[in-house]
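Undergrad: What shape does this take:
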Amino acid sequence: MATASANPRRVAWVMLTVMVVIAWAYIAVLAMAIGLGATFGSLGPGMAVLDRFSAWAGLDAVAFPLLASSPWLSRLVAACTASAADWSGETVVLHVTMWLAMGIAMMLPTATPMLRTYAEIADTAAEKGRRVVSPVVLALGYLTIWSTFAVFATGLEWVLGYIGAVSTTGAIATTGLSIAVLAGAGIYQFTNQKAACLIKCSNPFPFLFANWTERAGGVFRLGLREGLHCLACCWALMLVMFAVGTMNIVWIAILTVVMTVEKLLGARWFSRAIGVVLLAWAAAAIAGLSLDGL
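TA: This is a model prediction of the structure:
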């Protein structure tokens, strides 16, 4: 840890890369498991392209049957596609870890301004001979907030599944609810609350500099507070996953890029542009247009 603390910038980027890669690999395995149990297209708009790719590459005729014969994968498929009424403790843990992986894969890249700023301040402090806490501690505090969100999202998914609003593949089965989620997320992009939190997320220097500490507990609390800023900024966009399918890796990638660019730019116009797209999508759904089957 002492060696790592001497290179806070390097630690930050290595940590970011390794954690995001592992999270994406986990999500890909779960999406593949659910896709094998049904079709990739059933996971939400945009995912049908994986069905077409599988047919073109011959994976559905050779590789998928071979994978499906795996007892471990069969058990994973059963757990992933269990109806809410049949959730066991194992299923709950699986869904919590799924949402946690989504939090890491989607939100850690958006924390680039926070990690980069912390590393820059830490470099300056280290040059002055001051004690520096590893950025890993900051990231753990940040991810604690998203771990809590993972538990909340799992509970919400169970409730929606229990009342039949979400299918066993994680896609919303009620058009009205999908429209409400998209419209709600779109409207939130125009609120002052969103704008205030976006400023804190895209420019964390004033907050980190004013609250700088050399104690690990203090840095962990800084991560918690930054995580709260991020949650207040991005919760509505994260809930869009319910509208497009919780295991829709195409939209996980799209939203990751959108939220990362939003924080890197820190521009109000970009947030509003996202809001316009979501509201237009909701209006199109009201008019009967759908992205299903893409």
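
Undergrad: show me where pLDDT drops low in the chain?
TA: The model of the chain has pLDDT under 70 over residues 1-9, 11-12, 36-38, 59-68, 289-294.

Undergrad: where do the helices sit along it?
TA: Assigned by DSSP state H, the chain shows helices spanning 2-5, 8-37, 48-57, 63-68, 71-80, 89-110, 112-127, 135-162, 175-188, 192-202, 205-210, 216-244, 249-265, 268-286.

Undergrad: How far does the third one sit from its chain's centre?
TA: Read it as helix 48-57. 25 Å (CA atoms, centre = their mean, to the nearest Å).

Undergrad: Output it as PDB, nothing but the C-alphas.
TA: Backbone C-alpha positions of helix 48-57 (Å, rounded to 0.1, in the frame of the first residue of the first chain) are rendered in PDB as follows:
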ATOM      1  CA  ALA A  48     -31.400  -8.600 -31.600                       C
ATOM      2  CA  VAL A  49     -28.200  -7.700 -33.300                       C
ATOM      3  CA  LEU A  50     -26.500 -10.300 -31.200                       C
ATOM      4  CA  ASP A  51     -29.000 -12.900 -32.400                       C
ATOM      5  CA  ARG A  52     -28.200 -12.000 -36.000                       C
ATOM      6  CA  PHE A  53     -24.500 -12.100 -35.300                       C
ATOM      7  CA  SER A  54     -24.800 -15.500 -33.600                       C
ATOM      8  CA  ALA A  55     -26.700 -16.900 -36.600                       C
ATOM      9  CA  TRP A  56     -24.200 -15.400 -39.100                       C
ATOM     10  CA  ALA A  57     -21.300 -16.800 -37.100                       C
END
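
Undergrad: Export the helices of the chain as TSV, with columns for distance to residue 169 and mean neighbour count.
TA: Where you see a C-beta, it was placed from the backbone N, CA and C, and this is true even at glycine. Shown next, in TSV, are the helices of the chain (distance: least, CB to CB, whole Å; neighbours: other CB atoms under 10 Å):
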stretch	distance to residue 169	mean neighbour count
helix 2-5	41	11
helix 8-37	6	18
helix 48-57	13	14
helix 63-68	16	13
helix 71-80	8	16
helix 89-110	12	20
helix 112-127	31	19
helix 135-162	10	20
helix 175-188	14	18
helix 192-202	30	17
helix 205-210	40	14
helix 216-244	12	21
helix 249-265	13	19
helix 268-286	19	17
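
Undergrad: Could I get those in CSV, plus columns for distance to residue 168?
TA: Below are the helices of the chain laid out as CSV (distance: least, CB to CB, whole Å):
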stretch, distance to residue 168
helix 2-5, 43
helix 8-37, 9
helix 48-57, 18
helix 63-68, 17
helix 71-80, 8
helix 89-110, 11
helix 112-127, 35
helix 135-162, 7
helix 175-188, 16
helix 192-202, 33
helix 205-210, 42
helix 216-244, 14
helix 249-265, 17
helix 268-286, 22
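
Undergrad: Please tell me how far residue 210 sits from residue 225.
TA: 11 Å (CB to CB, to the nearest Å).

Undergrad: try residue 288
TA: The spacing between residue 288 and residue 225, counted by CB to CB, is 44 Å.

Undergrad: now residue 139
TA: From residue 139 to residue 225 the distance is 13 Å (CB to CB).

Undergrad: now residue 145
TA: Distance from residue 145 to residue 225, by CB to CB: 9 Å.

Undergrad: Settle this for me: residue 271 is touching residue 196, isn't it.
TA: No - the pair residue 271 / residue 196 is not scored as a contact, 11.5 Å apart, by CB atoms under 8 Å.

Undergrad: Is it correct that residue 133 is in contact with residue 216?
TA: Yes - between residue 133 and residue 216 there is a contact under CB under 8 Å: 5.1 Å.

Undergrad: Between those two, which contacts overlap?
TA: Residues touching both residue 133 and residue 216 (CB atoms under 8 Å, 6 or more residues apart in numbering): there are none.

Undergrad: List the contacts of residue 265.
TA: Counting by CB under 8 Å, 6+ apart, residue 265 has contacts residue 202.

Undergrad: Relative to residue 116, how far out is it?
TA: 14 Å.

Undergrad: I'm done for today, thanks for sticking with me.
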